[in-house]
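Visitor: Let's see this in three dimensions:
(one chain, ligands or ions: 1)
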Amino acid sequence: MVEPFHLARLPIIHFGKRKRELLPDLIKRYGSEIILVTGKRSFVDSPEAEKLFRTFKTKSIRYHHVTVTGEPSPSLIDDTVKRFNDQPVAATVAIGGGSVVDAGKAISAMLYKDDSVRDYLEVVGNREHPGSKVPFIAVPTTSGTGSEATKNAVISQVGIGGFKRSLRHDNLVPDIAVVDPELTMNCPPDITASAGMDCFTQLVEAYLSEKSGIMTDSFATEGIMAVKRSLVRSCSYGDDIGARSDMSFAALMSGICLANAGLGAVHGIAGTMGGMFGIPHGIICGTLMAAANEVNVKALRSSSGNHSALTKYASLGKIFCEEDDKSDEWYIDAFLNRLNEMTIQLQLPGLGSYGLATEDITLICDTTDIKNNPVRLTPEDLAEIICRRM
Ligand SMILES: [Fe+2]
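Guide: Numbering: from 1, shown residues only. As a prediction, the model looks like this:
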C-alpha cells in the first residue's frame, strides 16, 4: 500500500538548455517593471546578461537592478524594500546563486510592508508572515541550495549574537523557476564543488529524514543518481553540459525534497556555525557530510530502533557501487567510503582554515537544534563530527 503523503506547492518549472530565453515573455505575464536581483559580478559580466538586458529593452521591460554579495542580511532586505516601496513593481526576478535567489525571495515577500524582515524570521522574530508577496521568478546560476523550489529564504546576520534563520511561508515558493544548466557553466570549480555538496547533503538528509515519504524518496533517489554521475565531473569539466544538466536537476530535486521532508544533522550544525562564523554554507555541508554520516551510522548501529534508516543507507551504497549480491552492511560501508573519497577528490577545506577554533565547538554543539535526523545525536556526537573536519 502507498503510505499517505503530502506534497507542498511547486513553482512552474522550465528546465533545460536555453530556457533562459523564455524569461522576458514570462516577465511580461506580470507587467513591465521589475526588480532584478543578481550577484555583483559573474552573471552581470557575462555575455548572457548583455543579451538579456537588450531583450528587456526590446520588450519594454524596465528593471531596477539590485546586487547582492554573500548571504542576505536583514538590513539588505529592509533597505531594498524601502527603496522601492512607492514604485509599482510587477515582479521580482533573481538570477544568481542561492544567496541571490534567497534575497529576491525575501524582497518579493517584504515589498509594500512596513515591518523589518527580522520580525518574521523563525526564532528571531515573533510574527508570522502573512504569505502575501509580489510575483517572484527564480533563475539559478549555481547548482546548490535548490532555493528555486523552496518556501524559505535564509537571512544571515554574522558575528556575536549572529544568526542564520529562515523567512518561511508556503506562498513564498517562487511562482516560476527557470532552470537553465547553461547558466551554471561559468561557475568556478570550488563553488561548483561546495554548492554540489550542499545539494548532495540536502538530498541525502531529506531521503533519511523521519518526514520522508514515497514522493520525496523518488525525487531524492533521482537527484542522488545525478550527483553520482556528475558532481565530480562538473567540477573538473565545467563545460560538460551533460554534467551541468545533471547537477542543475539534482539541485532542483534537493529543493523540492528539503521543502517537504526537512533536513538533518549537517544542516542543523550549518545553521548555527554559519550564523556565528560566516563560513559559506556549501563549505560547511560539504566538509561535514562524510563525518556526519559516519556518526549517524555508528549511532544507528548501536541503537535498537529505526532499522529502516540503515536499510536506506544500504540503498545509497547500492546507487554508488557496481557490485551485486553484497550484504546491507557492506553497502553502508561502501557509501561511507565513497563520501570520504569525495571529500578528498573535491578538496573540501577543513573548518580551521575559516577561523573556527577548537574552543568554539562546545558552544556550537550546545546551541544546535537538529530536527528530522534519522537518529538522535548528542552534543558529544556533534562535537565528533566537527572535530574530524577542523
Ligand atoms: Fe543546504
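Visitor: List the buried residues for stretch 39-56?
Guide: Within stretch 39-56, the residues that qualify as buried by neighbour count (16 or more other CB atoms under 10 Å) are 39, 42-44, 48, 52, 56. (Each C-beta comes from the backbone N, C-alpha and C, glycine too.)
Visitor: Among the residues you listed, which ones are in strands?
Guide: Applying DSSP state E to the buried residues of stretch 39-56, the entries found in strands are residue 39.
Visitor: tell me which of the buried residues of stretch 39-56 is nearest to residue 343?
Guide: When these are ranked by distance to residue 343 (CB to CB), residue 42 comes first, at 25.9 Å.
Visitor: Identify the spatial nearest neighbour of that closest one, chain neighbours not counted.
Guide: Excluding its sequence neighbours, the residue lying closest to residue 42 (CB to CB, 6 or more residues apart in numbering) is residue 186, at 6.0 Å.
Visitor: what residues are up against residue 124?
Guide: 118, 163, 165 (CB atoms under 8 Å, 6 or more residues apart in numbering).
Visitor: min pLDDT across those residues, which one?
Guide: Ranked by pLDDT, the contacts of residue 124 bottom out at residue 163, which has 84.
Visitor: Now that residue: phi and psi?
Guide: With angles defined as degrees, to the nearest 10, residue 163 sits at phi -150, psi 170.
Visitor: and it, how many neighbours?
Guide: Residues contacting residue 163 under the criterion other CB atoms under 10 Å number 20.
Visitor: Next, format the contacts of residue 124 as JSON lines and append distance to residue 175.
Guide: Shown next, in JSON lines, are the contacts of residue 124 (distance: CB to CB, whole Å):
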{"residue": "118", "distance to residue 175": "25"}
{"residue": "163", "distance to residue 175": "28"}
{"residue": "165", "distance to residue 175": "24"}
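Visitor: Quick check, residue 230 in contact with residue 249.
Guide: No: Residue 230 lies out of contact with residue 249 (CB atoms under 8 Å); the separation is 9.1 Å.
Visitor: one step back: now go through the buried residues of stretch 39-56 and say which are in helices.
Guide: Using DSSP state H, the subset of the buried residues of stretch 39-56 located in helices is 48, 52, 56.
Visitor: ok, the second one - contacts?
Guide: Same thing as residue 52. 20, 23-24, 95.
Visitor: From those, which land in helices?
Guide: Filtering those for helices - DSSP H - leaves 23-24.
Visitor: Most widely separated two among the contacts of residue 52?
Guide: 24 and 95 (12.5 Å).
Visitor: hang on, the earlier thing: can you redo the ones in helices among the buried residues of stretch 39-56 as TSV with pLDDT and distance to residue 32?
Guide: Shown next, in TSV, are these (pLDDT from 0 to 100; distance: CB to CB, whole Å):
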residue	pLDDT	distance to residue 32
48	90	21
52	93	15
56	96	9
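Visitor: now those in JSON lines, with distance to residue 16?
Guide: Shown next, in JSON lines, are these (distance: CB to CB, whole Å):
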{"residue": "48", "distance to residue 16": "15"}
{"residue": "52", "distance to residue 16": "17"}
{"residue": "56", "distance to residue 16": "22"}
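Visitor: buried sites along whatever helix or strand residue 244 lives in?
Guide: Per DSSP states H and E, residue 244 falls inside helix 241-261. Neighbour-count burial for helix 241-261, counted by 16+ other CB under 10 Å, picks out 243-261.
Visitor: Return the alpha-carbon coordinates of the helix or strand that contains residue 337 using CSV.
Guide: Using DSSP H and E, the secondary-structure element containing residue 337 is helix 328-345. The C-alpha trace of helix 328-345 is given here as CSV (Å, rounded to 0.1, in the frame of the first residue of the first chain):
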residue,chain,number,x,y,z
ASP,A,328,23.5,-4.4,3.6
GLU,A,329,26.4,-3.8,6.0
TRP,A,330,28.8,-3.9,3.0
TYR,A,331,26.8,-1.3,1.0
ILE,A,332,26.6,1.0,4.0
ASP,A,333,30.3,1.0,4.5
ALA,A,334,30.8,1.4,0.7
PHE,A,335,28.6,4.5,0.8
LEU,A,336,30.6,6.0,3.7
ASN,A,337,33.9,5.2,2.0
ARG,A,338,32.7,7.0,-1.2
LEU,A,339,31.8,10.1,0.9
ASN,A,340,35.3,10.2,2.3
GLU,A,341,36.8,9.8,-1.2
MET,A,342,34.7,12.7,-2.4
THR,A,343,35.9,14.9,0.5
ILE,A,344,39.4,14.3,-0.8
GLN,A,345,38.7,14.4,-4.5
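Visitor: just checking, what packs against it?
Guide: Helices and strands touching helix 328-345, by 3 or more CB pairs under 8 Å, 6 or more residues apart in numbering; DSSP states H and E, are helix 214-236, helix 281-302, helix 307-320.
Visitor: quick one on the thing from earlier: checking the residue nearest to residue 42 next. Helix, strand or coil?
Guide: Here residue 186 is recorded as coil under DSSP: H, G, I helix; E, B strand; the rest coil.
Visitor: For it, give me its contacts.
Guide: Counting by CB under 8 Å, 6+ apart, the residues that residue 186 touches are 42, 46, 141, 238.
Visitor: What distance do you get for it to residue 39?
Guide: The gap separating residue 186 from residue 39 is 11 Å, by CB to CB, to the nearest Å.
Visitor: Centroid-wise, who is the farthest residue in this structure?
Guide: residue 325 (34.9 Å; CA atoms, centre = their mean).
Visitor: Wait, a strand at that one?
Guide: No: using three-state DSSP, the secondary structure at residue 325 is coil, not a strand.
Visitor: Quick check: phi and psi at it.
Guide: Dihedral angles (degrees, to the nearest 10) for residue 325: phi 60, psi 30.
Visitor: same check, this time on residue 91
Guide: Per degrees, to the nearest 10, the backbone of residue 91 is at phi -160, psi 160.
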